[in-house]
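**Q** structure here, sequence nowhere to be found:
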Ligand SMILES: O=C(O)CCC(=O)C(=O)O
Ligand SMILES: [Fe+2]
């Protein structure tokens, strides 16, 4: 494999064309079973909105540390807020990641019944004091979520399910919009230290937009690394662990990493589409057979994500009873 496939969604955006859906479904099915990664073009998101997201993101990361620290993710049980440089180890066997990040979840008001009722991962977002930041990010969250749901229509068709199978499992998602900033790889970096250590993503799918710096690498089955250079305006989309589990490993969640060797600041924006907290992640019909029975116990979306985040962050790890 020398290059990831490019899948064009333009025939699906704003149209209900079963033949076009079947064609895209076949392309996504092949990519999801194979490399686990593909580019998505023709998604219909306004380029001006994308440009605004990157402008606002750079303004946020440029803020003094004293303005970012109070927004720390360590204050949020709901996976929202700021992760400082070296605040995360995506590869637990390696030095900490040379990146900083900011997480935004489904935007709810403080009196939303889902928050008051104590549903897992329901909380308010924290916002920096930057004009237009929250509006831009809310708009982009919704736009990326729509693309993610459209992709799930194709995924459902590929898996032999009704096109709307995932709709009621993704209509109040735990999805996270994550802004990322990678400083240029410093000369004094530790051996094996990366911008983002080798990892797989936790959710169903990830929609990644990057600037033009490059640095994302995708692991091939033989252990070698494929560079996934940016294609302007296109997403890099990958299958996450939750969808791999849901499909009984029919779809593949592929390890990837980031090395920002370009000598420039690098910015990227990831949208992790995790399902609704109460979605039951259980082997899909058609993904098990006599030869390959269901491998995983059913789990709710919230329990699955919580387990993965607890393993990622020291501050979330519960003391043994
Ligand atoms: O910044 C990138 O290119 C990829 C980031 C990534 O893989 C992640 O945050 O899960
Ligand atoms: Fe990732």
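**A** That came in fine, so what should we check first? All of these numbers come straight from a predicted model, not from anything done at the bench. Numbers count the residues shown, from 1 in each chain. Ligands and ions are numbered 1, 2, ... in the order given.
**Q** quick one: the strands in the stretch 51-200 of the chain?
**A** In order along the chain, the stretch 51-200 of the chain carries the following strands (DSSP state E, counting those that start in this stretch): 81-83, 100-104, 176-182, 196-199.
**Q** over in the chain, which residue gets nearest ligand 1? Let me know.
**A** At 3.5 Å from ligand 1, residue 268 is the closest residue in the chain, using C-beta to the nearest ligand atom. Backbone N, C-alpha and C define where each C-beta goes, glycine included.
**Q** and the helix or strand hosting that residue, what's buried?
**A** Residue 268 is part of strand 266-273, with elements assigned from DSSP states H and E. Residues 266, 267, 268, 269, 270, 271, 272, 273 are the ones in strand 266-273 that count as buried (16 or more other C-beta atoms under 10 Å).
**Q** sheet partners, orientation included, of whatever helix or strand comes next after it?
**A** Heading C-terminal from strand 266-273, the first helix or strand you meet, by DSSP H and E, is strand 280-281. The strands that strand 280-281 pairs with in its sheet are strand 299-300 (antiparallel) (by DSSP bridges).
**Q** next structured bit after the partner strand?
**A** Scanning onward from strand 299-300 (DSSP H and E), the first element met is helix 301-312.
**Q** for that following helix, which helices and strands make contact with it?
**A** helix 241-246, strand 280-281 (3 or more C-beta pairs under 8 Å, 6 or more residues apart in numbering; DSSP states H and E).
**Q** list the buried residues of that helix.
**A** Buried residues in helix 301-312, counting neighbours by 16+ other C-beta under 10 Å, are found at 301, 302, 304, 305, 306, 308, 309, 312.
**Q** so which of those sits lowest on pLDDT?
**A** Within those, residue 312 has the lowest pLDDT, namely 80.
**Q** would you turn the strands of the stretch 51-200 of the chain into a markdown table with distance to residue 230 and mean neighbour count?
**A** Conversion of the strands of the stretch 51-200 of the chain to a markdown table gives the following (distance: least, C-beta to C-beta, whole Å; neighbours: other C-beta atoms under 10 Å):
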| stretch | distance to residue 230 | mean neighbour count |
| --- | --- | --- |
| strand 81-83 | 23 | 23 |
| strand 100-104 | 19 | 23 |
| strand 176-182 | 13 | 23 |
| strand 196-199 | 15 | 21 |
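**Q** any chance of CSV for those strands, columns mean pLDDT and distance to residue 53?
**A** Compiled in CSV, the strands of the stretch 51-200 of the chain are given as follows (pLDDT from 0 to 100; distance: least, C-beta to C-beta, whole Å):
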stretch, mean pLDDT, distance to residue 53
strand 81-83, 96, 17
strand 100-104, 97, 11
strand 176-182, 98, 8
strand 196-199, 95, 19
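**Q** Throw those strands into a markdown table and include distance to residue 61, thanks.
**A** As requested, these are exported to a markdown table (distance: least, C-beta to C-beta, whole Å):
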| stretch | distance to residue 61 |
| --- | --- |
| strand 81-83 | 9 |
| strand 100-104 | 6 |
| strand 176-182 | 4 |
| strand 196-199 | 15 |
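**Q** these: which one's closest to residue 66?
**A** Nearest to residue 66 among the strands of the stretch 51-200 of the chain is strand 81-83 (11.8 Å), distances taken as C-beta to C-beta.
**Q** which elements pack onto that closest one?
**A** Using 3+ C-beta pairs under 8 Å, 6+ apart, strand 81-83 is in contact with strand 100-104.
**Q** who does the strand it packs on pair up with?
**A** Sheet pairing for strand 100-104, assigned by DSSP bridges, gives strand 81-83 (antiparallel), strand 176-182 (antiparallel).
**Q** ok, and what's touching the first one?
**A** Residues external to strand 81-83 that are found in contact with it (C-beta atoms under 8 Å, 6 or more residues apart in numbering): 68, 69, 71, 72, 73, 74, 75, 100, 101, 102, 103, 126.
**Q** any idea how far residue 131 lies from residue 56?
**A** Computed as C-beta to C-beta, to the nearest Å, the residue 131 to residue 56 distance reads 9 Å.
**Q** repeat for residue 88
**A** 22 Å.
**Q** need the helices for the stretch 51-200 of the chain, in chain order.
**A** 65-68, 113-116, 133-158 (DSSP state H, counting those that start in this stretch).
**Q** columns mean neighbour count, mean pLDDT and distance to residue 30 on top of these, output as CSV?
**A** Converted to CSV, the helices of the stretch 51-200 of the chain look like this (neighbours: other C-beta atoms under 10 Å; pLDDT from 0 to 100; distance: least, C-beta to C-beta, whole Å):
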stretch, mean neighbour count, mean pLDDT, distance to residue 30
helix 65-68, 12, 96, 42
helix 113-116, 12, 97, 37
helix 133-158, 20, 98, 9
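**Q** near ligand 1 at all, stretch 272-283?
**A** No: applying C-beta under 6 Å from any ligand atom, one finds stretch 272-283 out of contact with ligand 1, separated by at least 7.2 Å.
**Q** in this structure, which residue is closest to the centre?
**A** Within the chain, one residue has its C-alpha closest to the average C-alpha position: by C-alpha atoms, centre = their mean, that is residue 272, at 2.3 Å.
**Q** having no further points to raise, I will conclude here.
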